[in-house]
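J.: Here's a sequence, model it:
(chains A, B, C and D)
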Protein chains: 2
Amino acid sequence: MISGKPIGRLSLYRRLLNGLMHEGVQSVYSHDLAARAGVTAAQVRRDIMNIGYSGNPNRGYDVRMLVESISNFLDDPDGQNVALVGVGNLGRAILAFFSGRRPKLSIVAAFDSDPEKFGRVIRGCRCYSIDQAPEVIRELNIKIATLCVPANVAQEIADLCIRAGVKGILNFAPVPLHVSGSVYVEDIDMTMSIEKVAYFARTN
Amino acid sequence: MISGKPIGRLSLYRRLLNGLMHEGVQSVYSHDLAARAGVTAAQVRRDIMNIGYSGNPNRGYDVRMLVESISNFLDDPDGQNVALVGVGNLGRAILAFFSGRRPKLSIVAAFDSDPEKFGRVIRGCRCYSIDQAPEVIRELNIKIATLCVPANVAQEIADLCIRAGVKGILNFAPVPLHVSGSVYVEDIDMTMSIEKVAYFARTN
DNA sequence: GTATATTCGTTACTGATTTCACAATATCAT
DNA sequence: ATGATATTGTGAAATCAGTAACGAATATAC
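T.: Down below sits the predicted model:
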């Protein structure tokens, strides 16, 4: 079993390695990747060890093969569909940000409560009424939801998604969600983050 | 000295407490606040202990006074000015999100490289050329920057901000920043987050 | 006024994560 | 071939964050 933080780092390594591959770099040392990722070399080696890939003493890691190993580990080979709930400013920004970024992860449906938005297609993603969510989530086999809704409805909408089969939630709403242990929630709490920055900018 | 995660939790507690205060609740127990925040009661008590506030056995914590204690700890009494760099989709969403949310933290200037945007005022925040950043950051005594720029220029722009006096960066660019130890960086890496969610949605 | 029940404050513990350190191994120059 | 060098893989140590547990303190009931 492997826990949250290493998974995040693997995702980062892969992104950095993709950049290197694009530049034509063929192999990389743990300390080099570590410097780019902002972690220690030992950390990189252990993370890579954890997914069962092996490098080559004196030549480091083969970039292409390491990317492949990480992808085998992280990705569903068939791809995963994602829903976006809440097509406000933030929701649209996220649609724009993710559009075509990860081939194995596609935002395939958006939901909102504003009838103005029903039927519109934003960045190739169709917007439905939130009432249709249970049906659409089931039909498209969506297991991942991105919540960009106001705090006061976030729990209710999370519950609705979970009842429809969602197993993982990326929560931008500034409120902790209460879910059963079989559902994974990752919070992106921008208010908390900026207050942290403000604190350390002041006291560091 | 108190490190990153407790600070984040304090920010969260304060937000929850403000909600309670709004509902007219006067006092709260550690286990109640803990349940709302999704942490253990011991954690709450210890976090509150760390900032030197004391509750009352059998009556819990006074909501108003606890909020005040946390605010004294987290906030600069004179307020802090924030710059937003990169007025794209995400930047505008963040402007909308933060506008008027925390009285002690105001986004007072935005910067972009697109001349179309210069001089425009978005959510009460004026948009300047990135070339004016050093000057404006100094004049407005800005110590905090929110980076919503493309990955390939993020480091360069971070350096520019730091040279102008910025001490804390909230980094939305999907690339780790290399900064000196006296500057605090908080990363919000949405790609990493969604890949984490995807992984656990699949394997949990 | 006393007993009782409940909660806080804090110390000691536990578990997880990260780093250290070094043997094992591959490469390269000679 | 062989020696020198640089790197990986990984058990052990260290660090860190979170939890449990319990004495001290306070309110409440009778």
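J.: How far does the longest strand seen in chain A sit from its chain's centre?
T.: Criterion DSSP state E: the longest strand present in chain A is strand A:105-112. Relative to its chain's centre, strand A:105-112 lies at 13 Å (CA atoms, centre = their mean, to the nearest Å).
J.: Sheet partners, orientation included, of it?
T.: strand A:80-85 (parallel), strand A:125-129 (parallel) (DSSP bridges).
J.: tell me the phi and psi of A:Ala164?
T.: A:Ala164 adopts backbone torsions of phi -80, psi 0, taken as degrees, to the nearest 10.
J.: same thing with A:Val44?
T.: The phi/psi pair for A:Val44 (degrees, to the nearest 10) is phi -60, psi -50.
J.: Show me what from chain A comes close to DNA strand D.
T.: Within reach of DNA strand D by CB under 7 Å from any atom of the strand, chain A has these residues: A:29-31, A:41-42, A:45-46, A:48-49, A:53-58, A:60-61. Where you see a C-beta, it was placed from the backbone N, CA and C, and this is true even at glycine.
J.: let's go with 6 Å and repeat that
T.: Contact residues (CB under 6 Å from any atom of the strand) of chain A with DNA strand D: A:29-31, A:41-42, A:45-46, A:48-49, A:54-55, A:57-58, A:60-61.
J.: show me what contacts the spatially most central residue of chain A?
T.: Geometric centre of chain A, nearest residue: A:Leu170, 7.2 Å, by CA atoms, centre = their mean. The neighbourhood of A:Leu170, defined by CB atoms under 8 Å, 6 or more residues apart in numbering or on different chains, consists of A:Ile144, A:Ala145, A:Thr146, A:Leu147, A:Glu186, A:Ile188, B:Met190, B:Ser193, B:Ile194, B:Val197.
J.: Which members of those occur in strands, if any?
T.: Going by DSSP E, the strands hold A:Ile144, A:Ala145, A:Thr146, A:Leu147, A:Glu186 from the contacts of A:Leu170.
J.: a markdown table for those, including distance to chain B?
T.: As requested, those are exported to a markdown table (distance: CB to the nearest CB, whole Å):
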| residue | distance to chain B |
| --- | --- |
| A:Ile144 | 5 |
| A:Ala145 | 9 |
| A:Thr146 | 7 |
| A:Leu147 | 11 |
| A:Glu186 | 5 |
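J.: What is the nearest of those to DNA strand C?
T.: A:Glu186 (14.3 Å; CB to the nearest atom of the strand).
J.: And for the closest one, the neighbour number?
T.: Neighbour count of A:Glu186, defined by other CB atoms under 10 Å in any protein chain shown: 21.
J.: Tell me the predicted confidence for it.
T.: Looking at A:Glu186, its pLDDT reads 97.
J.: So what pairs up with it in the strands?
T.: Counting by DSSP bridges, A:Glu186 is bridged to A:Leu170.
J.: do you know how far it is from A:Leu160?
T.: A:Glu186 sits at a distance of 18 Å from A:Leu160 (criterion: CB to CB, to the nearest Å).
J.: just A:Leu20 next, same as before
T.: As judged by CB to CB, A:Leu20 and A:Leu160 stand 42 Å apart.
J.: Below-threshold pLDDT in chain A: ranges please.
T.: Within chain A, no stretch has pLDDT under 70.
J.: where exactly do the strands run in it?
T.: A:27-28, A:61-62, A:80-85, A:105-112, A:121-122, A:125-129, A:144-147, A:168-171, A:184-187.
J.: CA atoms only: put the longest strand of chain A into CSV for me.
T.: C-alpha atoms of strand A:105-112 as CSV (Å, rounded to 0.1, in the frame of the first residue of the first chain):
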residue,chain,number,x,y,z
LEU,A,105,-8.4,11.8,-17.7
SER,A,106,-11.2,13.6,-19.5
ILE,A,107,-13.8,16.0,-18.2
VAL,A,108,-16.8,14.6,-20.1
ALA,A,109,-19.7,16.3,-18.4
ALA,A,110,-20.4,19.5,-16.5
PHE,A,111,-23.4,20.2,-14.2
ASP,A,112,-24.9,23.4,-13.0
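J.: mind listing what's buried in that strand?
T.: By 16 or more other CB atoms under 10 Å in any protein chain shown, the buried positions in strand A:105-112 come out as A:Leu105, A:Ser106, A:Ile107, A:Val108, A:Ala109, A:Ala110, A:Phe111, A:Asp112.
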